[in-house]
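Colleague: this one's structure only:
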């Protein structure tokens, strides 16, 4: 098990098509190629023997390791510091519209001293299930998969390469100010590498640096904690598909929610819920271009719907609906955490909350971005009509439980939100809509929540109808203006959540032993996104000193590069898929709200 780096020991680089995880030890241990939901070529994070990796590090000696981003970019710098000297590796992926070929660049430099560097590039195609052949051509090595449906890869180097057992390897001595580069790119049969162009690597570095600096400069956020807000925005941008406008929940699959546990899911898809939250965060920061691209993607999904059919919970990047869940039997899993799943059966679940989150994001986009089209509106009215007819159904909820459907509070509140925001859009744009009937149903849902989900014994709203426990998803109620953040019933609910789910700045999403069964045994960690929901609730309730205290403590659980996985274990290690979009979304929202309230008080 010592062969696996902690999940928090990684940084991420990407090109808006896919993303790679780079360890502090200089090893790229996860990369799907050429897109987020493509099979892996590196997956040592899930199986250190069968997964594949691309490592550059000192060949011998003892070194401490440091890793950071060049400020306001997604270019990652990894340093090795020891008695022999200092070596550093700059890692980035070129943005494809800058160059027409997908490629990853790794630059090695000796800052001072003298040391031997070792490089191993060992791809494993199709989740390690298929072999490959290797051709050496001068300064290049071509990896050719046995299956023709996978792209071949070219490794070009400024250092002579050798081939052993299907791997490209090099060992070389470097002194102060010496530099070397390695470029991994897609290779078509018989074509020449553009890396042969003089100064290609340095020019690509400058172009990539300028792209990210220019993108960050577009942000409207100028408040406190700007560095963390910018980093979170950069993560969200990395998780956005340039080709499709869709947004993945995380770039990884199979990373466990508990070491040795079975809650190991595939997050490389576009959840309607997560993407809607992402749209909201990007709109707040002023990134309307990304919001427009996602809205077009969403409009296409609504146009494809058959009469009387609901949206799917999640889709592939290009909008395909097929996400069959399979187990990779050849992968042992991160630290032995099996099974390793690809695909996601939750796509076929009924999750009523997605309609509220979607309509809320469309309402914000229509108000602060571009007005939605008439045709899109007509498709949306069909969705709202479906919600009006089905809001009473039990569902699997925001947490995608597999232990049986329930009447969840959060799902019902989001049905209320879907109708409420549809009514507001219709009134703002004077669109045709059955407002009288929608109003009646919206009010019926509202009364149902107070009648069926308020527990007078607990003096709290509860997770589902008849439950005796609370749910952190309830923290969103005041944020969507279902209830006032200082309403007595809400304050009692917040106190119940604090008592049952909150430990310092760490928040559990629910108590597994009391909540709706999720179909799996064992415990889980605290959810980082719930910590930021809690901060925003405190800020909206004007408890600003406590909100700031909790917020800044929660920031301290980010890894060295400012990234978050989905959960934190009891010992504080990162668990689950990494980095997770929702955590960075909620960080941005909490920072924005808290900064606004603090600024108002100071005036």
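Modeller: Structure received. Everything numeric in this text was worked out from a predicted model, so none of it was measured.
Colleague: buried stuff in stretch 340-352?
Modeller: 340-344, 346-347, 349, 351-352 (16 or more other C-beta atoms under 10 Å). (Each C-beta comes from the backbone N, C-alpha and C, glycine too.)
Colleague: for those residues, which one is nearest residue 428?
Modeller: residue 352 (24.6 Å; C-beta to C-beta).
Colleague: I'd say that closest one and residue 391 touch.
Modeller: Yes. Using C-beta atoms under 8 Å, residue 352 is in contact with residue 391, at 6.6 Å.
Colleague: quickly list what's touching both of these two.
Modeller: 412, 415 (C-beta atoms under 8 Å, 6 or more residues apart in numbering).
Colleague: on that earlier part again, with respect to residue 560, which of the buried residues of stretch 340-352 is nearest?
Modeller: residue 340 (26.2 Å).
Colleague: longest strand anywhere in the chain?
Modeller: In the chain, taking DSSP state E as the definition, the longest strand is strand 103-122.
Colleague: partners of that strand in the sheet?
Modeller: Applying DSSP bridges to the sheet, strand 103-122 is found paired with strand 53-58 (antiparallel), strand 85-93 (antiparallel), strand 167-175 (antiparallel), strand 179-187 (antiparallel).
Colleague: list the beta-bridge partners for the residue nearest to residue 28 when sequence neighbours are not counted.
Modeller: Spatial nearest neighbour of residue 28, excluding adjacent residues (C-beta to C-beta, 6 or more residues apart in numbering): residue 54 at 4.2 Å. Note on residue 54: beta-bridge partners residue 28, residue 121, judged by DSSP bridges.
Colleague: quick one, what contacts residue 54?
Modeller: Neighbouring residues of residue 54 by C-beta under 8 Å, 6+ apart: 27-28, 31, 42, 106, 120-123, 184.
Colleague: return the backbone torsion pair for residue 216.
Modeller: phi -60, psi -40 (degrees, to the nearest 10).
Colleague: roughly how far does it sit from residue 209?
Modeller: 11 Å (C-beta to C-beta, to the nearest Å).
Colleague: mutual contacts of these two, please.
Modeller: Common neighbours of residue 216 and residue 209 (C-beta under 8 Å, 6+ apart) are residue 73.
Colleague: which one's more surrounded, those two?
Modeller: residue 216 (20 against 17; other C-beta atoms under 10 Å).
Colleague: give me the nearest residue to that one, chain neighbours excluded.
Modeller: That would be residue 72: by C-beta to C-beta, 6+ apart, it lies 4.2 Å from residue 216.
Colleague: my read: that neighbour touches residue 212, true?
Modeller: Yes. Assessed by C-beta under 8 Å, residue 72 is found in contact with residue 212 at 6.5 Å.
Colleague: and for those two, which residues touch both?
Modeller: residue 234.
Colleague: what's the spacing between the closest residue to residue 352 other than its chain neighbours and residue 363?
Modeller: Nearest residue to residue 352, sequence neighbours excluded (C-beta to C-beta, 6+ apart): residue 411, at 4.1 Å. Noted for residue 411: a distance of 19 Å to residue 363, by C-beta to C-beta.
Colleague: can you pick out the residue with more neighbours from these two?
Modeller: The residue with more neighbours, out of residue 411 and residue 363, is residue 411; 26 against 21, by other C-beta under 10 Å.
Colleague: confidence score at the more buried one?
Modeller: At residue 411, the pLDDT value in this model is 97.
Colleague: and the helices in the stretch 401-550 of the chain?
Modeller: 409-429, 435-452, 488-501, 528-540, 544-555 (DSSP state H, counting those that start in this stretch).
Colleague: before we move on, back to that, reformat the buried residues of stretch 340-352 as a markdown table; add distance to residue 451.
Modeller: A markdown table is the format used below for those (distance: C-beta to C-beta, whole Å):
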| residue | distance to residue 451 |
| --- | --- |
| 340 | 44 |
| 341 | 39 |
| 342 | 43 |
| 343 | 39 |
| 344 | 34 |
| 346 | 29 |
| 347 | 32 |
| 349 | 26 |
| 351 | 23 |
| 352 | 18 |
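Colleague: farthest-separated two in these?
Modeller: 340 and 352 (29.9 Å).
Colleague: separation between residue 228 and residue 480?
Modeller: Distance from residue 228 to residue 480, by C-beta to C-beta: 24 Å.
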